[in-house]
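1. here you go, sequence then predicted model.
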Amino acid sequence: MSGTNVSNGRGAQSTSEDDMVDITAGLQQAAAASATTPTSHGTFQLYEHGGRNSNASANSYIAQYFSSSAGSDKHNSVPELNANSVLTYEDMEPVELDPGDMEPLVNVDHVGDAVLFSGMSGDDDIPGIGQYDDFHTIDWQRDIARDRMRHRYIVKKRQDSIWDLIKGAHDAWSGWVCVLLVGVCTGIVAGVIDIGASWMTDLKFGICPQAFWLNREQCCWSDTDTTFDTGNCSQWLTWPQVLGGQREGPGAYIISYLFYIVWALVFAALSASLVRMFAPYACGSGIPEIKTILSGFIIRGYLGKWTLIIKVVGLILSVSSGLSLGKEGPMVHIASCLGNILSYLFPKYGRNEAKKREILSAAAAAGVSVAFGAPIGGVLFSLEEVSYYFPLKTLWRSFFCALIAAFILRSINPFGNEHSVLFFVEYNKPWIFFELIPFVGLGIIGGCIATIFIKANIFWCRYRKFSKLGQYPVTEVLVVTLVTAIIAYPNPYTRMNTSELIYLLFNQCGISNSDPLWWVPMYNYIQCIVMSSLRFFVTNDTLCVLCSDYNRNFTDVNSAIEKAAAGPGVYRAIWLLVLALVLKLVMTIFTFGIKVPCGLFIPSLALGAIAGRIVGIGVEQLAYNYPKVWLFSGECSTGDDCITPGLYAMVGAAAVLGGVTRMTVSLVVIMFELTGGVRYIVPLMAAAMASKWVGDALGRQGIYDAHIALNGYPFLDSKDEFQHTSLAADVMQPKRNETLSVITQDSMTVDDVETLLKETEHNGYPVVVSKESQYLVGFVLRRDLNLAIANARRTMEGITGQTIVIFAGTGNQPLSPPPCLMLNRILDMAPITVTDQTPMETVVDMFRKLGLRQTLVTHNGRLLGVITKKDVLRHVKQMDNEDPNSVLFN
């Protein structure tokens, strides 16, 4: 016959279970027809309705139907039908057949996802199937399909018994219970870290002899136990006092200097040693790796128990050492460790890598929530910065997890004040419209500072990685700590705790003649004097220049205006702040990336706050000295104190942090949650956008993306655009006319497969009908092949090197030995395919949006090559004139 028509009667472009039954019926009708009408050429064509491109699922099924039928008595009347037969969809009507009379490739009880992965309903028969090797990318589509089939099975069994109904309810609520536990544990751990870091930081300056486990604030509670009075605290002893000396003076300064350096070295050495001996993954921020893991990459042990323990202990030690680092980034890592560990209590998440990443996204939100006391900002941070796959239900669970974590932390109250935020501010003057100009200017400055930091830090980290310096991590930590302690101590702004410095820079110290609350700056001044008295080595006017910038008479509000000009204190403050800015920038460049737990949020905020305070003081003096300039005349009349330098510090902090991390929306929300300054959202937005634009213009990558690229992780950023005219055939491996490593569906022996695995290093192999035809059947992973063959040799009798391996068919064993090894359970029967003429723009979008680890390239249905995620990343870098060999993993 010249052509045999096979139709499913619907003209659908996808092949469902019913379509498979109809196709089989048509094939059997075609076989019956060919028994009486000999074919003239013995070929058939399958056209997809509406176009020439063949449906992969149907073609694979038909090819294997003929293959499995070739030796069957049922179809021996049609020997001319084979895998190369060509069929057409046209007018033939489907016939009613008993499913038991057919040999379908997939079980008729399965629908939809069964075609995607034929064996996932029973892959638990082989231990390890469905898992992934270290430093490999997960198959998002396969894992999601496995979860759908698991869910369908639970729903189907729910009506069978009360126990199955309970299991169904447990499955439905397991996600909420898991994120609840993650939030509770994250809040508790964050409270422990805050309290421990506070105590050990104060230990560098003195001790509470009556109860050494108390920090300075707890030791100095008054007799009524209701107020905290640092100005009159006889219970707290400085180290010179402990040794029998005086609180102040040259001798006390030297003793305190030495104690500061020694304690810093001890804390840093302990932290680095713990990391090196027990958990090397506990070093650094963790956010670059968390971003990579959430994109589908596997790093075994990075979210394990030992990493969690050492990260918590090491973070307390490293923060207490006085290094230029913060605990906010590591808190995201710690929360993710908790999410990973707790997910194993719920097999729905613990045994499915794609589902587990929903819990990890919620955990990342909880980490930022407890780090800053910003639950909404934490959710947006997880969405904008770290998460790759973020469905709507993950948004709800992230919000719930961040809420629980913030509530638990607030119950512990590590801040020790009446506010639930870290840097509470309360300015008594609103910002003025013309201030948008300096605010945008701060954004530009912040972007420049951030670019300098990123480029210098990446240069140093690359040098460390490829030089002998990387072989001595503890020594490097000790050297950086020693230099930091020596140069930081003389300057009061670099000596104090970084969070305390930021709070001081955010503070309001000005006064207005129209402000009835003239006692507010007086309170700040007294508070600053008290803080200075605790430093006991520096005169009060040196530390408190920020709060005594001006020679004002606080007892007479009306006379304050005549004395609002800056005195010597403000100029001394500016020089100290400039010096602190330079020192802080240099110290942070060399600190971020050393082998201790270290974050970047707080140092970035400090850099921006220092720069912002300097700009704020300058703008305030301009407005005071030149009130008739057109810029100030409309808003700042003569004598009005209309500029708040503390607000500039807050805006500058947002600018530098935004430039370093490239955050925008989540940054603004974090900042107003961090400070309580909701009314200053517009200045924060202006600075954040300006900072991002400048940063993107000077360097495309933020600090975390730069470290991902430095480590060679396979991270395909969804925010980048690919605009090149290359095709899939230009990127696929191997190139045209080169040998492609494939597995045939039913003609290779166990020895053949094992030889292929030894001679090649591919992560997976296409399965084809034959090496001559190259018609695609499916795709099988290298790990699954190894596990399946090893399991068969261990558990099955008669499996030898000459045993035939079959990937297609229903699994019917021959009546006589030798037996065949049926591996259709591990076969992905519907791999994602593209044609050789598909634009790489489309291929890159597919990898981003579908989370692919590979796609197969075909031409007229014949397999040509494979494109892996590594191939895509290397091609993108090559098109951007970057080193393609920097991508190390797939």
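-> That came through fine.
2. how about residue 308, nearest residue that isn't a chain neighbour?
-> Closest residue to residue 308 apart from its sequence neighbours, by C-beta to C-beta, 6 or more residues apart in numbering: residue 337 at 3.9 Å. For the C-beta atoms, the positions are set from N, CA and C on the backbone; glycine is no exception.
3. which residues touch residue 437?
-> residue 631 (C-beta atoms under 8 Å, 6 or more residues apart in numbering).
4. can you confirm it is in a helix?
-> Yes. Counting by DSSP: H, G, I helix; E, B strand; the rest coil, residue 437 is part of a helix.
5. what separates it from residue 336, distance-wise?
-> In this structure, residue 437 and residue 336 are 41 Å apart, going by C-beta to C-beta, to the nearest Å.
6. quick one: secondary structure of the residue nearest to residue 308?
-> Applying three-state DSSP: residue 337 is helix.
7. wait, what's in contact with the residue most central in space within the chain?
-> Against the mean C-alpha coordinate of the chain, by C-alpha atoms, centre = their mean, the closest residue is residue 291 at 2.2 Å. Applying C-beta under 8 Å, 6+ apart to residue 291 gives the contacts 385, 386, 388, 704, 705, 708, 715.
8. which of those sits closest to residue 164?
-> residue 388 (34.2 Å; C-beta to C-beta).
9. quick check, pLDDT for that closest one.
-> According to the prediction, residue 388 has pLDDT 84.
10. which residue is the nearest non-sequential neighbour of it?
-> Closest residue in space to residue 388, ignoring its immediate chain neighbours: residue 295 at 4.0 Å, by C-beta to C-beta, 6+ apart.
11. the one you found is in contact with residue 847, isn't it?
-> No. The criterion here is C-beta atoms under 8 Å, and residue 295 misses it with residue 847 at 10.6 Å.
12. what do those two both touch?
-> With contacts defined as C-beta under 8 Å, 6+ apart, the residues shared by residue 295 and residue 847 are residue 716.
13. what pLDDT does the closest residue to residue 607 other than its chain neighbours get?
-> Distances taken as C-beta to C-beta, 6+ apart put residue 656 closest to residue 607, at 4.9 Å, once the chain neighbours are dropped. With respect to pLDDT, residue 656 scores 96.
14. distance from the chain centre to the strand or helix carrying residue 656, please.
-> Element membership of residue 656, judged by DSSP states H and E, is helix 645-661. With C-alpha atoms, centre = their mean, to the nearest Å as the basis, helix 645-661 stands 23 Å off its chain's centre.
15. and whichever helix or strand comes after that helix, what does it pack onto?
-> Per DSSP H and E, the first helix or strand lying C-terminal to helix 645-661 is helix 665-675. Where contact means 3 or more C-beta pairs under 8 Å, 6 or more residues apart in numbering; DSSP states H and E, helix 665-675 is packed against helix 353-372, helix 375-381, helix 645-661, helix 681-698.
16. which of the ones you listed sits closest to residue 669?
-> helix 375-381 (4.2 Å).
17. and the average pLDDT for the helix or strand following that closest one is what?
-> Once helix 375-381 ends, the next helix or strand along the chain (criterion: DSSP H and E) is helix 392-412. Helix 392-412 carries an average pLDDT of 92.
18. so helix 392-412 versus helix 353-372, what angle?
-> If you take axes from the mean of the first three to the mean of the last three C-alpha atoms, to 10 degrees, helix 392-412 sits at 30 degrees to helix 353-372.
19. which residues are contacting helix 392-412?
-> The contact list for helix 392-412, computed with C-beta under 8 Å, 6+ apart, reads 175-176, 179-180, 182-184, 186-188, 190-191, 194-195, 335, 358-359, 361-370, 373-376, 378-379, 382-383, 387, 420.
20. low-confidence stretches in the stretch 451-600 of the chain?
-> 509-569 (pLDDT under 70).
21. any idea how far residue 174 is from residue 393?
-> For residue 393, the distance to residue 174 equals 13 Å [C-beta to C-beta].
22. ok, which stretches of this structure are strands?
-> 206-207, 237-238, 743-744, 748-749, 764-768, 776-781, 804-806, 821-822, 833-835, 854-859, 862-868 (DSSP state E).
23. let me know which of the ones you listed is tucked in deepest.
-> strand 776-781 (a mean of 26; mean count of other C-beta atoms under 10 Å).
24. let me know the average pLDDT across that one.
-> For strand 776-781, the per-residue pLDDT averages 92.
25. shift numbering so it begins at 24
-> In the new numbering, first residue 24, that becomes strand 799-804.
26. packing partners of it?
-> By 3+ C-beta pairs under 8 Å, 6+ apart, strand 799-804 packs against helix 79-92, strand 787-791, strand 877-882.
27. between the shortest one and strand 877-882, how big is the angle?
-> Just to be clear, that refers to strand 787-791. Using the same axes, to 10 degrees, strand 787-791 lies at 30 degrees relative to strand 877-882.
28. which neighbours does strand 787-791 have in its sheet, and in what orientation?
-> Next to strand 787-791 in the sheet, as set by DSSP bridges, lie strand 766-767 (parallel), strand 799-804 (antiparallel).
29. am I right that residue 665 is in contact with residue 646?
-> Yes. Look at residue 665 against residue 646 with C-beta under 8 Å: they come within range, at 6.2 Å.
30. give me the common contacts of these two.
-> With C-beta under 8 Å, 6+ apart as the test, residue 665 and residue 646 both reach 655, 659.
31. chain center to the longest helix belonging to the chain, what's the gap?
-> Secondary structure assigned by DSSP state H gives helix 185-226 as the longest helix of the chain. Relative to the centre of its chain, helix 185-226 is centred 19 Å away, using C-alpha atoms, centre = their mean.
32. next: stretch 713-728.
-> Taking C-alpha atoms, centre = their mean, one finds the center of stretch 713-728 at 18 Å from the center of the full chain.
33. buried ones in that stretch, by neighbour count?
-> Neighbour-count burial for stretch 713-728, with 16 or more other C-beta atoms under 10 Å as criterion, is recorded at 713, 714, 715, 717, 718, 722, 724, 725, 726, 727, 728.
34. where is pLDDT lowest across these?
-> Of all these, residue 722 has the smallest pLDDT value, namely 86.
35. so where's the chain uncertain?
-> Using pLDDT under 70, the chain drops low at 24-148, 245-255, 436-444, 451, 532-592, 656-658, 660-664, 832-841, 913.
36. give me the domain ranges for the protein.
-> In terms of domains, the chain is parsed into 40-135, 196-435, 456-734, 751-909 (source: automatic domain parsing).
37. distance to residue 181 added to those domains, as CSV?
-> Shown next, in CSV, are those (distance: least, C-beta to C-beta, whole Å):
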stretch, distance to residue 181
domain 40-135, 17
domain 196-435, 14
domain 456-734, 39
domain 751-909, 26
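38. and of these, who's closest to residue 180?
-> Nearest to residue 180, of all those, is domain 40-135, at 13.0 Å by C-beta to C-beta.
39. what is the burial count for residue 488?
-> 12 (other C-beta atoms under 10 Å).
40. quick check: it touching residue 618?
-> No. Assessed by C-beta under 8 Å, residue 488 is found out of contact with residue 618, at 11.8 Å.
41. quick check: residue 730 touching residue 477?
-> No. Taking contacts as C-beta under 8 Å, residue 730 lies outside contact range of residue 477: 9.5 Å.
42. ok so, going back, how far away is the residue nearest to residue 630 from residue 880?
-> Per C-beta to C-beta, residue 679 is found 45 Å from residue 880.
43. alright, that wraps it up for me.
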